[in-house]
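K.L.:
Predicted model and sequence below, questions to follow.
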Amino acid sequence: MPSGRHASPVIPTEFFRTPRLAFRPFMQSDLDALAAIIGDPRVARFVGDGQPLERPAAALWITRSRENVQQHGYGTGAVVELTDGRLVGWAGWARPEGEPEELVYGFAHDAWGRGYATEIAAGLVRFARESLELTELRAITYEDNAASRRVLERLGFQPQSVEDGDVIYRLVLE
């Protein structure tokens, strides 16, 4: 059973900042930007079943993410640039049944190659350890997603297995 703090009924306005990014809960005003990101086939290729998602799926994602944050104190949220507040991706922790929390992230195609994934994932690991008091994280990426694999390995995640083209990583938080 994962360990961690219990939720508060109040949704925070922000979880943390990195030098260039803020990680905060999704807001309804994020719908257009999130729908554009997850509807982009270049991004969707590395997410879930690899198919782009439509606007109703983005709306449901925002609703469920906010419910998770309210119920558990964390979940997925928006990654925004500090310079202009533009939503450039999503990140956070999924809560798979019977498994350690899963670190997740994804970015708009025009935000690729800027080091954002490493920056936000490092912040997520730090926040999980220091604020959520989690003891272990896992992450899953497509075997052919070399960039994401490098991010995870740079942060100390260790590959555990390959299942159906997915590499499953684990990180013990000390």
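P.N.:
Structure received.
K.L.:
can you pull out the strands in this structure?
P.N.:
Assignment of strands within the chain using DSSP state E yields the ranges 16-17, 21-24, 76-81, 87-94, 101-107, 136-142, 158-163, 166-172.
K.L.:
List the pairing partners of the first one within its sheet, with orientation.
P.N.:
With DSSP bridges as the test, strand 16-17 is paired with strand 21-24 (antiparallel).
K.L.:
Now the partner strand - C-alpha only, PDB.
P.N.:
C-alpha atoms of strand 21-24 as PDB (Å, rounded to 0.1, in the frame of the first residue of the first chain):
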ATOM      1  CA  LEU A  21       8.100  26.000 -14.800                       C
ATOM      2  CA  ALA A  22       5.200  25.900 -12.400                       C
ATOM      3  CA  PHE A  23       3.300  22.700 -11.600                       C
ATOM      4  CA  ARG A  24      -0.300  23.400 -10.500                       C
END
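K.L.:
Relative to the whole chain's centre, how far out is it?
P.N.:
Put simply, strand 21-24 sits 11 Å off its chain's centre (Cα atoms, centre = their mean, to the nearest Å).
K.L.:
longest single helix anywhere in the protein?
P.N.:
The residue-count maximum for a helix in the chain (DSSP state H) belongs to helix 55-72.
K.L.:
Can you dump the C-alpha atoms of that helix in PDB for me?
P.N.:
Provided in PDB are the C-alpha atoms of helix 55-72 (Å, rounded to 0.1, in the frame of the first residue of the first chain):
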ATOM      1  CA  ARG A  55     -11.800  17.700 -26.300                       C
ATOM      2  CA  PRO A  56     -14.400  15.700 -24.200                       C
ATOM      3  CA  ALA A  57     -11.500  13.500 -23.000                       C
ATOM      4  CA  ALA A  58      -9.500  16.600 -22.000                       C
ATOM      5  CA  ALA A  59     -12.500  17.900 -20.100                       C
ATOM      6  CA  LEU A  60     -12.900  14.600 -18.200                       C
ATOM      7  CA  TRP A  61      -9.100  14.600 -17.500                       C
ATOM      8  CA  ILE A  62      -9.300  18.000 -15.900                       C
ATOM      9  CA  THR A  63     -12.300  17.000 -13.800                       C
ATOM     10  CA  ARG A  64     -10.800  13.700 -12.600                       C
ATOM     11  CA  SER A  65      -7.400  15.300 -12.000                       C
ATOM     12  CA  ARG A  66      -9.100  17.900  -9.700                       C
ATOM     13  CA  GLU A  67     -11.100  15.200  -7.900                       C
ATOM     14  CA  ASN A  68      -7.900  13.200  -7.300                       C
ATOM     15  CA  VAL A  69      -6.100  16.300  -5.900                       C
ATOM     16  CA  GLN A  70      -9.000  17.000  -3.600                       C
ATOM     17  CA  GLN A  71      -9.400  13.400  -2.500                       C
ATOM     18  CA  HIS A  72      -5.700  12.400  -2.200                       C
END
